[in-house]
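1. Quick check, what structure comes out for this input:
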Amino acid sequence: MEGETPAGDAELVALAAGGSERAFRALYRAYVRPVYWLAHGLVGNPADAEEVTQETFLVAWRKLPGFDLAGESLLPWLATICRFQCANRVRRQRRDREHTAAPADESVPSTVDVEQQVIDERLAEAILREVAGLSDLDRAIFRLCATEGYAYQAAADELGVAHGVVRNRLSRIRTRLRTVVKEST
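-> This next block holds a predicted model:
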């Protein structure tokens, strides 16, 4: 590759998928900074961002043999992997904090509103029932966009559908859930 014109992402992905470490290093050098800054924005500190960046490229290396680059850039795919790695790290850290935290105060505060708790529980159950009744694709769109914070295009890339499909279906899902909320309150 030395002395040649720079290869495009599609060519580098194909070579790296075939086991070329040189091609993968070229992809790494091209995308390590944007992936790091995305990770840093999501996890909030340099040490975790570094680890998430490394984990992202490790996952990418493992998944490249089955990956088909649909666009001109590998970055959307890497950003999706990075978001998943960040979410996993944040969940792991939260779980670790909960297990090492001081024992919870078991006393019941005087401001507990039992009626509101019952209403909140019923509302949550109604929403969960509505989400469970969605098609597999709609549930996946809802999970990615509403709970994991994916942008429409990132969710579309992850699910292998068009941007407009995600946007339109999510709009319908939100309308259905608003109706459930109004009926439950």
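2. so where's the protein uncertain?
-> Regions of the chain meeting the criterion pLDDT under 70 cover residues 1-7, 70-71, 101-124, 147, 184-185.
3. How is it partitioned into domains?
-> 1-102, 113-185 (automatic domain parsing).
4. how much space between Lys182 and Arg172?
-> 16 Å (CB to CB, to the nearest Å). To be clear about C-beta, it is placed using only N, CA and C from the backbone, and glycine gets the same treatment.
5. swap that for Ala23, please
-> Using CB to CB, we find Ala23 at a distance of 42 Å from Arg172.
6. for Ala14, same thing?
-> From Ala14 over to Arg172 the distance is 38 Å, taken as CB to CB.
7. again, but for Val13
-> Going from Val13 to Arg172 by CB to CB gives 35 Å.
8. about what we covered before: and Lys182 and Arg172? Which one has more around it.
-> For Lys182 versus Arg172, neighbours defined as other CB atoms under 10 Å are more numerous around Arg172 (12 against 8).
9. Check which helix or strand the more buried one maps to.
-> Secondary-structure element containing Arg172, defined by DSSP states H and E: helix 163-184.
10. ranges for the helices of this protein?
-> When secondary structure is read from DSSP state H, the chain shows helices at 9-17, 21-43, 46-63, 75-100, 114-132, 136-142, 152-159, 163-184.
11. Turn these into CSV, columns for distance to Leu69.
-> As requested, these are exported to CSV (distance: least, CB to CB, whole Å):
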stretch, distance to Leu69
helix 9-17, 5
helix 21-43, 10
helix 46-63, 12
helix 75-100, 8
helix 114-132, 32
helix 136-142, 22
helix 152-159, 11
helix 163-184, 17
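12. Skip the chain neighbours and tell me the closest residue to Phe57.
-> Beyond its immediate neighbours in the sequence, the residue positioned closest to Phe57 (CB to CB, 6 or more residues apart in numbering) is Tyr28, lying 5.8 Å away.
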